[in-house]
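Engineer: I would like the atomic coordinates for the input below:
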Amino acid sequence: MKKGGFRLYPRAYIEYLLHFHATRDYFECHEVLEEHWKQTGEHVWVGFIQLAVGMYHYRRGNMIGAKRMFTKALNACEREKQAYEALGIHVEQLIALIHTYVERINHGQPYESTCLPIIDASLLHICQQQCDQKGLVWGEKSDMTNEYTIHKHKLRDRSDVVAERERQKQKRQGR
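Structural biologist: The predicted model follows:
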């Protein structure tokens, strides 16, 4: 879908890219795209989610989890090449990037921030514009001192999820 010469990308995808490249909040990458994937059922999003989860694990030092997610993301990229290209990604460069990360893990090298190979100049422009509006820096390196972002799955407030689970449990029990 194009509008005025620009391809329209889903809002969730733009948010994913902002988190991936500016805040380096890979957990949020996962959250925002998982919700979109559940709504659309489009399998292309799964590989992006797996890539973000791989980055999250790698940064935390969970090499087994990172390697597993990178391998899954790699398989998704191989299966969905045209879909990735349609999303403004140079898929062969992305595949090479994921291979590089697996090799880094195999050689015991530490996490380093990276950027996805975006080839659609209009997508890059949209993302950089969004960064400017939000006071973010595109391509910012991970803040390795930010414990909350690095360990978010353990530190985030889940009281709303716990409350909803309890509500559903009570509902099932007829209370």
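
Engineer: Leaving aside the residues adjacent along the chain, what's closest to Glu15?
Structural biologist: Distances taken as C-beta to C-beta, 6 or more residues apart in numbering place Val32 nearest to Glu15, at 4.7 Å, with adjacent residues excluded. Backbone N, C-alpha and C define where each C-beta goes, glycine included.

Engineer: which residues in this protein form helices?
Structural biologist: 11-18, 26-40, 44-60, 63-79, 81-86, 91-106, 121-134, 147-150, 152-155, 159-172 (DSSP state H).

Engineer: Buried deepest among those helices, which one?
Structural biologist: helix 44-60 (a mean of 23; mean count of other C-beta atoms under 10 Å).

Engineer: Now that one: average pLDDT?
Structural biologist: If you average the pLDDT over helix 44-60, you get 96.

Engineer: tell me what that helix is packed against?
Structural biologist: In terms of contacts (3 or more C-beta pairs under 8 Å, 6 or more residues apart in numbering; DSSP states H and E), helix 44-60 is packed against helix 11-18, helix 26-40, helix 63-79, helix 81-86, helix 91-106.

Engineer: give me the low-pLDDT residue ranges for the chain?
Structural biologist: Filtered on pLDDT under 70, the chain yields the residue ranges 1-7, 144, 146-165, 175.

Engineer: would you list the helices of the chain in TSV and tack on distance to Lys141?
Structural biologist: Formatted as TSV, the helices of the chain follow (distance: least, C-beta to C-beta, whole Å):
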stretch	distance to Lys141
helix 11-18	15
helix 26-40	13
helix 44-60	11
helix 63-79	18
helix 81-86	25
helix 91-106	16
helix 121-134	14
helix 147-150	12
helix 152-155	18
helix 159-172	31
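
Engineer: Please identify which of those is closest to Ser113.
Structural biologist: Ser113 lies closest, by C-beta to C-beta, to one member of the helices of the chain: helix 44-60, at 8.6 Å.

Engineer: between the closest one and helix 11-18, how big is the angle?
Structural biologist: If you take axes from the mean of the first three to the mean of the last three C-alpha atoms, to 10 degrees, helix 44-60 sits at 20 degrees to helix 11-18.

Engineer: about what we covered before: I'd assumed Ala12 was in contact with the residue nearest to Glu15.
Structural biologist: Yes. Contact status for Val32 versus Ala12: in contact at 5.1 Å, counting by C-beta atoms under 8 Å.
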